[in-house]
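Asker: Build the 3D model from these lines:
(one chain, ligands or ions: 1)
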Amino acid sequence: MASRETSFRDRVSLLLGGLEEGREVRAYLRRFEEKNSGCFAVVKVGGAVLEQGLDDLADALALLQFLGLPPVVVYGSGPQLDRSLAAAGIREERCDGMRITPEEAVPLVAEAASHAGLKLAEALRERGAHAVTPQSALRARLLDRDRYGLVGEPVSADKLGIEQLLRAGVIPLIGCVHADERGQLLNVNADNVARCMVLSLRPRKVVFVTGTGGLLDGEGSLIDSINLAEEGDELFAQPWLSGGMRHKVQEIASLLSELEPSASVSVTGPAAMVRELFTHSGAGTLIRQGERIER
Ligand code: ARG
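Answerer: This is a model prediction of the structure:
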(Lines give C-alpha, C1' and ligand atoms only; values in the text may rest on other atoms or scores of the structure.)
Protein backbone atom coordinates (compact mmCIF):
# COMPACT_ATOMS: atom_id res chain seq x y z
CA MET A 1 0.00 0.00 0.00
CA ALA A 2 2.77 2.39 1.01
CA SER A 3 4.57 1.88 -2.27
CA ARG A 4 1.35 2.45 -4.13
CA GLU A 5 0.86 5.75 -2.33
CA THR A 6 4.42 6.84 -3.04
CA SER A 7 4.01 6.07 -6.67
CA PHE A 8 0.78 8.07 -6.74
CA ARG A 9 2.61 11.04 -5.24
CA ASP A 10 5.33 10.62 -7.80
CA ARG A 11 2.74 10.65 -10.51
CA VAL A 12 1.14 13.76 -9.04
CA SER A 13 4.39 15.67 -9.10
CA LEU A 14 5.09 14.37 -12.58
CA LEU A 15 1.67 15.54 -13.65
CA LEU A 16 2.16 19.01 -12.21
CA GLY A 17 5.82 19.25 -13.15
CA GLY A 18 4.94 18.19 -16.67
CA LEU A 19 2.86 21.28 -17.09
CA GLU A 20 4.99 23.99 -18.60
CA GLU A 21 2.87 26.56 -16.85
CA GLY A 22 4.07 25.91 -13.30
CA ARG A 23 3.49 29.54 -12.26
CA GLU A 24 -0.03 29.53 -13.63
CA VAL A 25 -0.75 26.37 -11.71
CA ARG A 26 0.35 27.98 -8.46
CA ALA A 27 -1.65 31.12 -9.21
CA TYR A 28 -4.81 29.13 -9.88
CA LEU A 29 -4.24 27.08 -6.77
CA ARG A 30 -4.04 30.23 -4.68
CA ARG A 31 -7.10 31.69 -6.36
CA PHE A 32 -9.18 28.55 -5.92
CA GLU A 33 -8.08 28.17 -2.31
CA GLU A 34 -8.83 31.79 -1.43
CA LYS A 35 -12.40 31.81 -2.57
CA ASN A 36 -13.00 28.28 -1.46
CA SER A 37 -15.77 28.67 1.09
CA GLY A 38 -17.58 25.38 1.08
CA CYS A 39 -17.60 23.74 -2.31
CA PHE A 40 -14.80 24.18 -4.86
CA ALA A 41 -16.30 22.22 -7.74
CA VAL A 42 -19.16 20.02 -8.80
CA VAL A 43 -17.83 17.50 -11.31
CA LYS A 44 -20.35 15.62 -13.43
CA VAL A 45 -19.03 12.41 -14.97
CA GLY A 46 -20.91 10.34 -17.52
CA GLY A 47 -21.16 6.58 -17.09
CA ALA A 48 -19.08 5.98 -20.23
CA VAL A 49 -16.17 7.98 -18.80
CA LEU A 50 -16.24 5.80 -15.67
CA GLU A 51 -15.64 2.82 -17.93
CA GLN A 52 -13.19 4.25 -20.44
CA GLY A 53 -11.33 6.88 -18.46
CA LEU A 54 -11.47 5.61 -14.89
CA ASP A 55 -7.73 5.77 -14.17
CA ASP A 56 -7.27 9.27 -15.54
CA LEU A 57 -10.42 10.46 -13.81
CA ALA A 58 -9.36 8.98 -10.47
CA ASP A 59 -5.88 10.53 -10.82
CA ALA A 60 -7.43 13.97 -11.35
CA LEU A 61 -10.02 13.69 -8.56
CA ALA A 62 -7.47 12.33 -6.10
CA LEU A 63 -5.17 15.19 -6.99
CA LEU A 64 -7.90 17.72 -6.20
CA GLN A 65 -8.48 16.12 -2.83
CA PHE A 66 -4.76 16.01 -2.22
CA LEU A 67 -4.62 19.77 -2.92
CA GLY A 68 -7.35 20.44 -0.35
CA LEU A 69 -9.99 21.05 -3.02
CA PRO A 70 -12.23 17.99 -2.77
CA PRO A 71 -14.95 18.17 -5.43
CA VAL A 72 -18.50 16.88 -5.30
CA VAL A 73 -18.76 14.20 -7.97
CA VAL A 74 -22.05 13.40 -9.68
CA TYR A 75 -21.83 10.31 -11.84
CA GLY A 76 -24.09 8.61 -14.34
CA SER A 77 -24.26 4.90 -15.02
CA GLY A 78 -26.09 4.67 -18.36
CA PRO A 79 -23.94 2.09 -20.20
CA GLN A 80 -23.75 -0.08 -17.08
CA LEU A 81 -27.53 0.02 -16.80
CA ASP A 82 -28.06 -0.66 -20.51
CA ARG A 83 -26.18 -3.92 -20.10
CA SER A 84 -28.06 -5.12 -17.07
CA LEU A 85 -31.45 -4.16 -18.55
CA ALA A 86 -30.57 -6.06 -21.72
CA ALA A 87 -29.49 -9.08 -19.68
CA ALA A 88 -32.81 -8.96 -17.79
CA GLY A 89 -34.74 -8.65 -21.04
CA ILE A 90 -36.15 -5.20 -20.15
CA ARG A 91 -36.47 -3.08 -23.23
CA GLU A 92 -35.02 0.41 -22.98
CA GLU A 93 -37.46 3.14 -23.85
CA ARG A 94 -37.01 6.88 -23.78
CA CYS A 95 -39.40 9.76 -23.67
CA ASP A 96 -38.29 13.44 -23.82
CA GLY A 97 -34.72 12.33 -23.26
CA MET A 98 -35.65 10.51 -20.04
CA ARG A 99 -35.21 6.83 -19.59
CA ILE A 100 -38.66 5.35 -18.92
CA THR A 101 -38.25 3.37 -15.72
CA PRO A 102 -40.73 0.58 -15.02
CA GLU A 103 -40.96 -0.69 -11.45
CA GLU A 104 -39.02 -3.87 -12.22
CA ALA A 105 -36.10 -1.78 -13.53
CA VAL A 106 -35.61 0.18 -10.28
CA PRO A 107 -33.48 -2.48 -8.52
CA LEU A 108 -31.29 -2.69 -11.61
CA VAL A 109 -30.94 1.09 -11.78
CA ALA A 110 -29.96 1.14 -8.10
CA GLU A 111 -27.49 -1.68 -8.58
CA ALA A 112 -25.85 -0.12 -11.63
CA ALA A 113 -25.47 3.19 -9.80
CA SER A 114 -24.11 1.55 -6.69
CA HIS A 115 -21.58 -0.58 -8.59
CA ALA A 116 -20.38 2.39 -10.64
CA GLY A 117 -19.93 4.45 -7.46
CA LEU A 118 -18.07 1.67 -5.68
CA LYS A 119 -15.72 1.24 -8.60
CA LEU A 120 -14.87 4.93 -8.56
CA ALA A 121 -14.49 4.90 -4.76
CA GLU A 122 -12.10 1.97 -5.06
CA ALA A 123 -10.02 3.64 -7.75
CA LEU A 124 -9.76 6.69 -5.47
CA ARG A 125 -8.83 4.59 -2.47
CA GLU A 126 -6.04 2.97 -4.48
CA ARG A 127 -4.63 6.46 -4.91
CA GLY A 128 -4.84 7.25 -1.22
CA ALA A 129 -7.96 9.42 -1.64
CA HIS A 130 -11.09 9.10 0.43
CA ALA A 131 -14.57 9.09 -1.10
CA VAL A 132 -18.00 8.05 0.13
CA THR A 133 -21.35 7.51 -1.55
CA PRO A 134 -23.80 9.24 0.82
CA GLN A 135 -27.21 7.59 0.80
CA SER A 136 -29.36 10.65 1.20
CA ALA A 137 -27.56 13.36 -0.71
CA LEU A 138 -30.69 14.37 -2.57
CA ARG A 139 -34.45 14.26 -2.11
CA ALA A 140 -36.43 13.54 -5.25
CA ARG A 141 -40.06 13.51 -6.29
CA LEU A 142 -41.93 11.51 -8.87
CA LEU A 143 -42.05 13.35 -12.17
CA ASP A 144 -44.96 11.79 -14.08
CA ARG A 145 -45.57 8.13 -13.47
CA ASP A 146 -47.81 7.60 -16.50
CA ARG A 147 -45.27 9.06 -18.87
CA TYR A 148 -41.92 8.05 -17.45
CA GLY A 149 -42.54 5.41 -14.79
CA LEU A 150 -40.39 5.75 -11.67
CA VAL A 151 -38.35 8.71 -12.86
CA GLY A 152 -37.72 11.44 -10.33
CA GLU A 153 -36.75 15.06 -10.39
CA PRO A 154 -34.53 16.61 -7.71
CA VAL A 155 -36.27 18.55 -4.94
CA SER A 156 -33.39 19.47 -2.67
CA ALA A 157 -29.81 18.55 -1.87
CA ASP A 158 -28.50 17.73 1.59
CA LYS A 159 -26.28 20.80 1.58
CA LEU A 160 -25.21 20.53 5.22
CA GLY A 161 -24.28 16.87 4.97
CA ILE A 162 -22.30 17.35 1.78
CA GLU A 163 -20.47 20.41 3.06
CA GLN A 164 -19.55 18.48 6.17
CA LEU A 165 -17.96 15.76 4.04
CA LEU A 166 -16.06 18.38 2.04
CA ARG A 167 -14.78 20.03 5.22
CA ALA A 168 -13.51 16.62 6.32
CA GLY A 169 -11.68 16.40 2.99
CA VAL A 170 -13.86 13.56 1.74
CA ILE A 171 -15.14 13.39 -1.84
CA PRO A 172 -18.91 12.78 -1.99
CA LEU A 173 -19.85 10.52 -4.93
CA ILE A 174 -23.46 11.07 -5.91
CA GLY A 175 -25.29 8.74 -8.27
CA CYS A 176 -28.67 8.97 -9.88
CA VAL A 177 -31.00 6.95 -7.64
CA HIS A 178 -32.72 8.94 -4.94
CA ALA A 179 -35.67 8.43 -2.62
CA ASP A 180 -38.83 10.50 -2.52
CA GLU A 181 -40.34 11.60 0.80
CA ARG A 182 -41.93 8.19 1.25
CA GLY A 183 -38.73 6.28 0.61
CA GLN A 184 -39.59 5.18 -2.92
CA LEU A 185 -36.41 4.99 -5.00
CA LEU A 186 -36.54 6.98 -8.22
CA ASN A 187 -34.29 7.15 -11.24
CA VAL A 188 -33.04 10.73 -11.64
CA ASN A 189 -31.16 11.94 -14.71
CA ALA A 190 -27.54 12.63 -13.68
CA ASP A 191 -27.45 16.04 -15.37
CA ASN A 192 -30.46 17.03 -13.30
CA VAL A 193 -28.75 15.78 -10.15
CA ALA A 194 -25.68 17.84 -11.04
CA ARG A 195 -27.82 20.91 -11.60
CA CYS A 196 -29.48 20.55 -8.20
CA MET A 197 -26.08 20.14 -6.51
CA VAL A 198 -24.71 23.20 -8.28
CA LEU A 199 -27.67 25.41 -7.38
CA SER A 200 -27.55 24.36 -3.77
CA LEU A 201 -23.76 24.27 -3.20
CA ARG A 202 -22.86 27.18 -5.50
CA PRO A 203 -19.38 25.95 -6.40
CA ARG A 204 -16.66 28.05 -7.93
CA LYS A 205 -16.32 25.68 -10.87
CA VAL A 206 -18.70 23.33 -12.60
CA VAL A 207 -16.97 20.63 -14.61
CA PHE A 208 -18.54 18.21 -17.08
CA VAL A 209 -16.20 15.34 -17.86
CA THR A 210 -17.07 13.77 -21.20
CA GLY A 211 -15.51 11.37 -23.68
CA THR A 212 -15.16 14.11 -26.30
CA GLY A 213 -13.21 16.32 -23.90
CA GLY A 214 -15.23 19.44 -24.67
CA LEU A 215 -17.78 20.90 -27.05
CA LEU A 216 -17.11 20.38 -30.73
CA ASP A 217 -17.95 22.74 -33.58
CA GLY A 218 -19.33 21.88 -37.03
CA GLU A 219 -15.97 20.55 -38.19
CA GLY A 220 -15.50 18.44 -35.12
CA SER A 221 -12.84 20.69 -33.61
CA LEU A 222 -12.84 21.58 -29.97
CA ILE A 223 -14.36 24.95 -29.10
CA ASP A 224 -11.91 26.62 -26.72
CA SER A 225 -14.29 28.95 -24.93
CA ILE A 226 -17.74 30.48 -25.16
CA ASN A 227 -18.64 33.87 -23.79
CA LEU A 228 -22.42 33.57 -23.72
CA ALA A 229 -23.21 37.28 -23.58
CA GLU A 230 -20.96 37.98 -26.54
CA GLU A 231 -21.28 34.86 -28.65
CA GLY A 232 -24.40 33.10 -27.42
CA ASP A 233 -26.84 34.35 -30.08
CA GLU A 234 -24.45 33.56 -32.89
CA LEU A 235 -23.71 30.14 -31.48
CA PHE A 236 -27.38 29.19 -31.14
CA ALA A 237 -27.95 30.26 -34.76
CA GLN A 238 -25.41 27.69 -36.00
CA PRO A 239 -27.05 24.76 -37.79
CA TRP A 240 -24.37 22.35 -36.56
CA LEU A 241 -25.31 23.03 -32.95
CA SER A 242 -28.02 20.42 -32.85
CA GLY A 243 -29.49 17.61 -30.79
CA GLY A 244 -27.66 16.65 -27.64
CA MET A 245 -25.03 19.35 -28.00
CA ARG A 246 -27.59 22.15 -28.32
CA HIS A 247 -29.43 20.81 -25.30
CA LYS A 248 -26.18 20.68 -23.32
CA VAL A 249 -25.25 24.28 -24.14
CA GLN A 250 -28.76 25.46 -23.29
CA GLU A 251 -28.63 23.65 -19.96
CA ILE A 252 -25.23 25.15 -19.20
CA ALA A 253 -26.40 28.65 -20.15
CA SER A 254 -29.44 28.37 -17.91
CA LEU A 255 -27.30 27.05 -15.06
CA LEU A 256 -24.81 29.89 -15.38
CA SER A 257 -27.62 32.44 -15.43
CA GLU A 258 -28.42 31.41 -11.87
CA LEU A 259 -24.84 31.60 -10.57
CA GLU A 260 -22.52 34.47 -9.73
CA PRO A 261 -21.05 36.18 -12.83
CA SER A 262 -17.58 34.87 -11.92
CA ALA A 263 -18.69 31.23 -12.02
CA SER A 264 -17.79 29.17 -15.06
CA VAL A 265 -18.45 25.79 -16.55
CA SER A 266 -15.73 23.66 -18.11
CA VAL A 267 -16.41 20.73 -20.37
CA THR A 268 -13.31 18.58 -20.46
CA GLY A 269 -11.96 15.03 -20.58
CA PRO A 270 -10.67 12.84 -17.74
CA ALA A 271 -6.99 13.20 -18.72
CA ALA A 272 -7.36 16.93 -19.50
CA MET A 273 -9.18 18.06 -16.37
CA VAL A 274 -6.14 19.14 -14.35
CA ARG A 275 -4.79 21.21 -17.21
CA GLU A 276 -8.23 22.71 -17.78
CA LEU A 277 -8.53 23.79 -14.16
CA PHE A 278 -5.02 25.01 -13.45
CA THR A 279 -3.82 26.70 -16.64
CA HIS A 280 -5.00 29.80 -18.54
CA SER A 281 -5.28 28.08 -21.88
CA GLY A 282 -6.96 25.05 -20.36
CA ALA A 283 -7.84 21.84 -22.19
CA GLY A 284 -11.52 21.71 -22.97
CA THR A 285 -14.32 24.23 -23.46
CA LEU A 286 -14.73 27.04 -20.95
CA ILE A 287 -18.20 28.56 -20.84
CA ARG A 288 -18.89 31.72 -18.94
CA GLN A 289 -21.73 34.15 -18.76
CA GLY A 290 -19.45 37.00 -19.73
CA GLU A 291 -20.42 40.58 -20.41
CA ARG A 292 -21.76 42.13 -23.53
CA ILE A 293 -19.32 44.69 -24.79
CA GLU A 294 -21.21 47.80 -26.02
CA ARG A 295 -19.95 48.91 -29.39
N1 ARG B 1 -8.12 27.37 -15.59
C2 ARG B 1 -9.12 28.34 -15.86
C3 ARG B 1 -10.46 27.89 -15.30
O4 ARG B 1 -10.63 26.74 -14.97
C5 ARG B 1 -9.19 28.66 -17.32
C6 ARG B 1 -9.57 27.52 -18.21
C7 ARG B 1 -9.56 27.89 -19.67
N8 ARG B 1 -10.11 26.84 -20.44
C9 ARG B 1 -10.39 26.90 -21.78
N10 ARG B 1 -10.90 25.82 -22.33
N11 ARG B 1 -10.21 28.01 -22.44
O12 ARG B 1 -11.36 28.68 -15.14
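
Asker: On the three-state scheme, the residue of the stretch 151-295 of the chain found nearest the ligand is what?
Answerer: Relative to the ligand, the nearest point of the stretch 151-295 of the chain is Gly282 (2.2 Å; CB to the nearest ligand atom). Backbone N, C-alpha and C define where each C-beta goes, glycine included. Recorded secondary structure, Gly282: coil (DSSP: H, G, I helix; E, B strand; the rest coil).

Asker: ok, it touching Ile223?
Answerer: No. Counting by CB atoms under 8 Å, Gly282 does not reach Ile223; the two are 11.5 Å apart.

Asker: what sits in contact with each of those two?
Answerer: When CB atoms under 8 Å, 6 or more residues apart in numbering defines a contact, no residue borders Gly282 and Ile223 alike.

Asker: show me where this protein has strands.
Answerer: 41-45, 72-75, 94-95, 98-99, 131-132, 138-142, 152-157, 171-174, 177-179, 185-187, 205-209, 225-227, 264-268, 284-288 (DSSP state E).

Asker: From the chain's centroid, how far away is the third one?
Answerer: This means strand 94-95. Computed by CA atoms, centre = their mean, to the nearest Å, the chain-centroid distance of strand 94-95 equals 23 Å.

Asker: Name the residues of the chain found near the ligand, please.
Answerer: Counting by CB under 6 Å from any ligand atom, the chain comes close to the ligand at 28, 205, 224-225, 264, 266, 276-280, 282, 284-286.

Asker: redo that, cut-off 5 Å
Answerer: Taking CB under 5 Å from any ligand atom, the part of the chain that reaches the ligand is made up of 224-225, 277, 282, 284, 286.

Asker: remind me which residues of the stretch 151-295 of the chain are low pLDDT?
Answerer: Scanning the stretch 151-295 of the chain for pLDDT under 70 picks out 292-295.

Asker: ok, 90 please
Answerer: 204, 217-218, 220, 240-249, 251, 260-263, 290-295 (pLDDT under 90).

Asker: before we move on, the earlier item: pull out the buried residues from the residues of the chain next to the ligand.
Answerer: Buried subset of these (neighbour count, 16 or more other CB atoms under 10 Å): 225, 277, 282, 284, 286.

Asker: Identify the farthest-apart pair in those.
Answerer: By the measure CB to CB, Ser225 and Leu277 form the most distant pair in those, at 14.0 Å.

Asker: got the buried residues for the helix ranked longest in the chain?
Answerer: Using DSSP state H, we find that the single longest helix of the chain is helix 106-126. For helix 106-126, the buried set under the neighbour-count rule, 16+ other CB under 10 Å, comprises 106, 108-110, 112-113, 115-117, 119-121, 123-124.

Asker: what pLDDT does the spatially most central residue of the chain get?
Answerer: When the chain is reduced to its mean C-alpha position, the nearest residue by CA atoms, centre = their mean turns out to be Lys44, at 0.7 Å. Lys44 is assigned a predicted lDDT (pLDDT) of 97.

Asker: Confirm for me that it is in contact with Asn189.
Answerer: No. In terms of CB under 8 Å, Lys44 does not count as a neighbour of Asn189; the distance is 10.9 Å.

Asker: how about the helices in the chain?
Answerer: Going by DSSP H, the chain shows helices at 2-17, 22-34, 47-52, 54-66, 78-87, 106-126, 145-148, 159-167, 190-201, 228-236, 243-256, 273-278.

Asker: what about the shortest one, distance to the chain center?
Answerer: Read that as helix 145-148. 27 Å.

Asker: Touching that helix from outside, list them.
Answerer: Against helix 145-148 from outside (CB under 8 Å, 6+ apart): 95-96, 98, 100-101.

Asker: Same check on stretch 152-162?
Answerer: 39, 72, 134, 136-143, 172, 178, 180, 186-188, 192-193, 195-197, 200-201.

Asker: swap in stretch 240-247?
Answerer: By CB under 8 Å, 6+ apart, stretch 240-247 touches 97, 215-218, 235-236, 249.

Asker: picking that back up, looking at the helices of the chain, which is buried most?
Answerer: Among the helices of the chain, ranked by average contacts under mean count of other CB atoms under 10 Å, first place goes to helix 273-278 (a mean of 24).
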